[in-house]
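Asker: Predicted model, plus sequence, below.
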Amino acid sequence: MSYLQHPFGPLYNENSRVLILGSFPSVKSREQNFFYGHPQNRFWKVIAAVFGSPVPVSIEEKKQLILSNGLALWDSIASCEITGSSDASIRNARPNDIGLLLNRCKIERIYCNGRKSHELYCRYIEPQTGHAAICLPSTSPANAQWTLDKLIEAWSVTAS
């Protein structure tokens, strides 16, 4: 188990209205220095389907998809002990300062990608910000009981 710092900052701009929070970057995301880097994570397929866009391939295409649809991305955790990419292994988590992002754009809704992100958000961040977050089913390949179609349906709330 290694104690790691989050390797990159949030993705947002002045038009961001919906914040999506993961837990902590996976090994692949840490290698790419960008969100949802594991090829089997369904996040990019889900967001592309929700917004009627082609599935982005490059990091620039991914940034464009997020920012052009009023979204922002970050993670609940700033640093933690973690084994590989396993949310279940996360220990000694310290939260990101979401308040900084909330002060820089007009976030209206916050969604967490999976239970671990939501659990940590509720424990550490919501008491500081006063903003509740809604838990969406994880797009991780570990969440195999959720088909791509079911994920797209659940995640469609991010576009409304």
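Answerer: Okay, I see it.

Asker: Could you pull out the strands in this structure for me?
Answerer: Applying DSSP state E to the chain gives strands spanning 2-5, 18-22, 71-75, 77-82, 91-95, 109-113, 134-136.

Asker: Just the buried positions in the last one, please.
Answerer: So that's strand 134-136. Of all the residues in strand 134-136, those buried under the rule 16 or more other Cβ atoms under 10 Å are Cys135, Leu136. C-betas here are computed from N, CA, C, even on glycine.

Asker: Repeat that for stretch 140-160.
Answerer: Ser140, Trp146, Leu151, Ile152, Trp155, Thr158.

Asker: Quick one: those residues as TSV, columns for distance to Gly99 too.
Answerer: What follows is these, written out as TSV (distance: Cβ to Cβ, whole Å):
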residue	distance to Gly99
Ser140	27
Trp146	31
Leu151	29
Ile152	31
Trp155	25
Thr158	21
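
Asker: Run a quick neighbour tally on Ser58.
Answerer: Ser58 is flanked by 9 other residues according to other Cβ atoms under 10 Å.

Asker: Cool, thanks, signing off.
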